[in-house]
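**Student:** please work out how this folds:
(one chain, ligands or ions: 2)
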Amino acid sequence: MTKHDPKTAASEKDMANALRALAMDAVQKANSGHPGMPMGMADVAAVLFNRFVTIDPANPHWADRDRFVLSAGHGSMLLYGINHLLGYADMPIEELKRFRQLGSRTAGHPEYGHADGIETTTGPLGQGIATAVGMALAERMMAARFGAGLVDHYTYVIAGDGCLQEGISHEAIDLAGHLKLSRLIVLWDDNHISIDGPTSLSTSMDQKMRFRAAGWDVQAIDGHDIDAIGAAIEKAKKTKKPSLIACRTLIGKGAPNLQGSEKTHGAPLGAEEIAATRANIGWNHEPFFVPQNIYDAWHKVAGRGAAARAEWERRLASSPKRTRFEAAVSGEVPASVARGLAAFRKEHVGKATKVATRKASEMALGVINGATTLTVGGSADLTHSNLTVTKGLERVAPGRYKGRYIHYGIREHGMAAAMNGIALHGGFIPYGGTFMVFSDYARGAMRLSALMGKRVVYVMTHDSIGLGEDGPTHQPIEHLAMLRATPNMTVLRPADIIETAEAWEIALNNNDGPTVLVLSRQNLPMLRDRHEKDNRSARGAYVLRETNGARDVTILATGSEVEIAKAASDRLLANHGVKAAVVSMPSWELFMAQDEAYRAKVLGKAPRIAIEAAARMGWDRWLGENGAFIGMNSFGASAPASDLYKHFGITAEAAADAALRLTGKAGK
Ligand SMILES: Cc1ncc(C[n+]2csc(CCOP(=O)(O)OP(=O)(O)O)c2C)c(N)n1
Ligand SMILES: [Mg+2]
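**Tutor:** Ligands and ions are numbered 1, 2, ... in the order given. Here you go, the predicted model:
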């Protein structure tokens with residue numbers, strides 16, 4: 001390679017070498033990280049940004065910016081290097097020197113929210129490409145509403161062999177191909193290497209054929225040939241399909257003795273090899289030093305973006321759609337939603353409406369979807385079970401993006417990741433349904449919704465053995481515990497139509513994280529006896545029935561089991577004179593956030609029983625030392641729901657018996 005000349009304008013090869021040097025130096029300094037991928041994809045990244053990506057680092061949230069997703073998140077130094085060179089104010093060279101250290105913005109893998117220009121959290125392979133599908137879809141949906149004058153951008157992804165091997169990629173590329181997301185361009189780091197060695201150890205897949213079969217445009221290039229990279233991206237931008245560009249690269253390119261080897265994947269190159277690399281690529285500089293003419297070249301990219309943004313601002317200023325556009329991008333739920341839901345609650349308390357909470361959810365959604373256009377629904381092929389579509393909600397179809405309902409197909413993981421992408425893109429509040437038990441299949445992306453703190457609403461129906469005959473494969477047991485154990489995830493299991501409407505209101509206003517609505521298949525009675533202005537579920541738990549005089553026992557329950565708690569309380573009073581308060585506890589997280597005094601008042605001093613048709617794990621926190629739990633200790637079974645509740649001993653009789661034992665009144 002030719003030596004870099006600091007007096008002339010920097011070439012794209014120079015721009016790429018800066019990325020290589022920063023990656024190898026930062027990994028060396030941290031004594032941890034992945035230099036191979038950034039070095040291998042440096043040429044692709046340099047051309048991609050230099051010629052194509054339109055972003056304005058001074059306005060990192062500009063709505064019409066191109067999105068760049070580093071799906072191969074282990075190559076995080078590539079992204080940090082790019083963002084530093086572009087001139088993001090929060091990515092000075094000091095941050096690169098603090099790569100992977102506590103409190104730095106340069107975490108091991110790119111973390112959304114840690115620094116500007118990180119569009120999504122990546123690291124779990126495959127998540128990036130699947131999230132990008134949601135971003136690219138949101139772009140088309142926004143463009144359909146507001147026109148190309150306001151929405152006209154691309155979503156670029158760098159993905160590795162790992163991203164394409166992961167199962168989630170199958171769901172994602174199928175959905176993207178079907179929906180003809182032509183502005184999605186994936187640059188595949190086709191380096192034939194992963195951690196264990198050559199990819200031939202574990203795959204014979206013809207990825208190009210796989211993508212073609214899914215409806216993608218596919219090209220293959222030498223990922224170190226600057227002109228080929230430019231021409232391929234140029235062509236990809238013009239096709240009417242999503243694009244895969246297989247970029248044949250050498251992992252660790254530039255390191256003379258290690259390039260092409262898995263040894264560069266996830267370990268520092270070492271001082272000797274770094275010195276050899278410097279000589280090999282003509283990089284005669286101290287660690288972390290970048291010559292000004294290379295900064296200048298990268299800053300030109302930022303300048304091009306700033307000019308584009310300024311022009312866009314002018315278009316926005318004179319657009320008749322401006323107010324609507326800004327309202328959508330703000331993501332603020334209009335007040336009409338709360339008003340509509342309050343009227344809905346009042347109406348149904350009056351009518352004592354008895355429906356399954358999944359049905360209640362559909363009814364509440366009717367109000368919500370009528371009052372705001374922010375919501376976009378969907379289901380993983382269970383629309384008429386999850387009850388996620390409402391009247392007049394048109395479907396999103398290939399080439400037709402005006403609709404608000406997405407048939408995600410039987411792709412729970414892909415759906416969850418796409419919803420993350422939609423939420424990250426902005427302009428919409430995504431919600432999507434599946435059976436609660438299949439939250440397992442969506443888990444990887446659900447965890448990222450929580451980690452990133454994005455507003456995604458999971459509509460999880462068929463929430464217990466109460467679904468009946470479909471049997472134990474379909475009956476969630478451990479899922480509530482798993483979801484509740486996930487930080488920043490708000491789980492709500494409403495007990496009737498009123499709590500369901502309250503849960504929806506909470507979910508829409510929860511702008512800092514995902515909400516899971518856990519909904520019954522079976523009908524549930526009305527539990528409230530009067531309309532209240534306050535959203536009682538917002539406190540997480542509340543006393544649904546207080547005792548007349550001191551409590552003998554307190555029964556805690558969620559969802560479909562609150563009805564059982566009430567019946568147990570009736571029984572205890574009528575047959576034994578035992579006073580049992582009933583606490584409905586739709587959300588542990590929200591209850592935990594209440595002050596100590598409120599919690600103490602709700603929980604009371606009397607012994608406690610909890611009823612939930614799920615695993616016990618976690619309940620002891622609320623039960624205290626001497627509590628009793630009525631729930632599931634095993635998988636479920638296939639039978640009508642009422643038989644199952646009896647079979648597994650989740651009944652008012654069992655709860656009353658437990659209360660008598662706890663209060664020492666058994667046998668009296
Ligand atoms: C879901 C998931 N599984 C496993 C890992 C651990 N992991 C990180 S990188 C990697 C290999 C990736 O190979 P490739 O994408 O080809 O990256 P390259 O070695 O070419 O940089 C693995 C298995 C991960 N990050 N995510
Ligand atoms: Mg690889």
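
**Student:** next one: the helix or strand residue 556 falls within to chain centre, how far?
**Tutor:** Assigned by DSSP states H and E, residue 556 falls within strand 553-557. Remark: strand 553-557 is offset 34 Å from the chain centroid, using C-alpha atoms, centre = their mean, to the nearest Å.

**Student:** what count of nearby residues applies to the closest residue to residue 198 other than its chain neighbours?
**Tutor:** Distance criterion C-beta to C-beta, 6 or more residues apart in numbering; nearest residue to residue 198, sequence neighbours excluded, is residue 192 at 5.7 Å. C-beta coordinates here come from the backbone N, C-alpha and C atoms, glycine included. When neighbours are counted by other C-beta atoms under 10 Å, residue 192 registers 17.

**Student:** and residue 192, what does it touch?
**Tutor:** By C-beta atoms under 8 Å, 6 or more residues apart in numbering, the contact set of residue 192 is 161, 198, 199, 200.

**Student:** touching, residue 449 and residue 422? I think so.
**Tutor:** No: contact criterion C-beta atoms under 8 Å: residue 449 and residue 422 do not qualify, at 11.0 Å.

**Student:** which of the contacts of residue 192 lies closest to residue 348?
**Tutor:** Among these, residue 161 lies closest to residue 348 (C-beta to C-beta), at 53.2 Å.

**Student:** how much space separates the closest one from ligand 2?
**Tutor:** Using C-beta to the ion, to the nearest Å, we find residue 161 at a distance of 4 Å from ligand 2.

**Student:** same thing with residue 8?
**Tutor:** As judged by C-beta to the ion, residue 8 and ligand 2 stand 34 Å apart.

**Student:** which residue is the nearest non-sequential neighbour of residue 388?
**Tutor:** The shortest distance from residue 388 to any non-neighbouring residue, by C-beta to C-beta, 6+ apart, is to residue 433 (4.2 Å).

**Student:** may I have the phi/psi pair for that neighbour?
**Tutor:** Main-chain torsions, residue 433, degrees, to the nearest 10: phi -120, psi 150.

**Student:** and the contacts of the helix or strand containing residue 219?
**Tutor:** According to DSSP H and E, residue 219 maps onto strand 217-222. Strand 217-222 has contacts (C-beta under 8 Å, 6+ apart) with 190, 208, 211-212, 228-229, 231-232, 235-236, 239, 241-248.

**Student:** can you flag the buried ones in those residues?
**Tutor:** 190, 208, 211, 228-229, 232, 236, 239, 241-248 (16 or more other C-beta atoms under 10 Å).

**Student:** determine which two of the residues you listed are furthest apart.
**Tutor:** Farthest apart among these by C-beta to C-beta are 241 and 248. That separation is 21.3 Å.

**Student:** might you name the residue of the stretch 301-450 of the chain sitting closest to ligand 1?
**Tutor:** Proximity of the stretch 301-450 of the chain to ligand 1 (C-beta to the nearest ligand atom) peaks at residue 444, 7.1 Å away.

**Student:** wait, a strand at that residue?
**Tutor:** No: read with DSSP: H, G, I helix; E, B strand; the rest coil, residue 444 is helix and lies in no strand.

**Student:** neighbours of it, just the number please.
**Tutor:** Residue 444 has 19 nearby residues by other C-beta under 10 Å.

**Student:** what sits against it?
**Tutor:** Listed by C-beta under 8 Å, 6+ apart, the contact set of residue 444 reads 124, 126, 127, 168, 413, 416, 417.

**Student:** pLDDT at it, what is it?
**Tutor:** Per-residue confidence (pLDDT) for residue 444: 98.

**Student:** ok and the residue in this protein nearest ligand 1?
**Tutor:** Using C-beta to the nearest ligand atom, the single residue of the chain nearest to ligand 1 is residue 160, 2.4 Å away.

**Student:** tell me the residues of the protein that contact ligand 1?
**Tutor:** The chain comes close to ligand 1 at residues 36-37, 72, 74, 123-125, 160-163, 166, 189, 191, 193-195, 251, 265, as judged by C-beta under 6 Å from any ligand atom.

**Student:** among these, which ones are in strands?
**Tutor:** Counting by DSSP state E, the residues of the chain next to ligand 1 place 189, 193, 194 in strands.

**Student:** intersect these with the contacts of ligand 2.
**Tutor:** Residues shared between those and the neighbourhood of ligand 2 are 193, 194 [C-beta under 5 Å from the ion].

**Student:** in JSON lines: the ones in strands among the residues of the chain next to ligand 1, plus pLDDT and neighbour count.
**Tutor:** Below are these laid out as JSON lines (pLDDT from 0 to 100; neighbours: other C-beta atoms under 10 Å):
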{"residue": "189", "pLDDT": "98", "neighbour count": "29"}
{"residue": "193", "pLDDT": "98", "neighbour count": "26"}
{"residue": "194", "pLDDT": "98", "neighbour count": "19"}
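
**Student:** residue contacts, residue 632?
**Tutor:** Applying C-beta under 8 Å, 6+ apart, we find residue 632 in contact with 465, 477, 613, 614, 615, 616, 648, 650.

**Student:** could you find the closest non-adjacent residue to it?
**Tutor:** Of all residues not flanking residue 632 in the chain, residue 477 sits nearest, at 5.2 Å (C-beta to C-beta, 6+ apart).

**Student:** I'd assumed residue 614 was in contact with that neighbour.
**Tutor:** Yes: under the criterion of C-beta under 8 Å, residue 477 makes contact with residue 614 at 5.9 Å.

**Student:** those two: which has the busier surroundings?
**Tutor:** Ranked by neighbour count (other C-beta under 10 Å), residue 477 and residue 614 place residue 614 first, with 26 against 20.

**Student:** what helix or strand is that one on?
**Tutor:** Using DSSP H and E, residue 614 sits within no helix or strand.

**Student:** and the nearest residue to it once chain neighbours are set aside, backbone torsions?
**Tutor:** Leaving aside its chain neighbours, residue 614 sits nearest to residue 480 (4.7 Å; criterion: C-beta to C-beta, 6+ apart). Dihedral angles of residue 480 (phi, psi; degrees, to the nearest 10) stand at phi -60, psi -40.

**Student:** quick check, pLDDT for residue 480.
**Tutor:** With respect to pLDDT, residue 480 scores 98.

**Student:** and for the one 5 residues further on?
**Tutor:** Looking at residue 485, its pLDDT stands at 98.

**Student:** how many neighbours does it have?
**Tutor:** 12.

**Student:** so it makes contact with residue 618?
**Tutor:** Yes: applying C-beta under 8 Å as the test, residue 485 and residue 618 come out as touching, 7.3 Å apart.

**Student:** and the lengthiest helix in the chain, which residues are buried?
**Tutor:** Ranked by number of residues, the top helix in the chain under DSSP state H is helix 292-317. Neighbour-count burial for helix 292-317 flags 293-295, 297-299, 301-306, 308-309, 312, 316 (criterion: 16+ other C-beta under 10 Å).

**Student:** taking the centroid of the chain, which residue is nearest it?
**Tutor:** The chain has residue 449 as the residue nearest its centroid, 2.8 Å off, counting by C-alpha atoms, centre = their mean.

**Student:** got the contact list for it?
**Tutor:** 416, 419, 420, 423, 456, 489, 513, 514.

**Student:** now with 10 Å?
**Tutor:** By C-beta atoms under 10 Å, 6 or more residues apart in numbering, the contact set of residue 449 is 121, 416-417, 419-420, 423-424, 430, 442, 455-458, 486, 488-489, 513-516.

**Student:** this completes my enquiry, with thanks.
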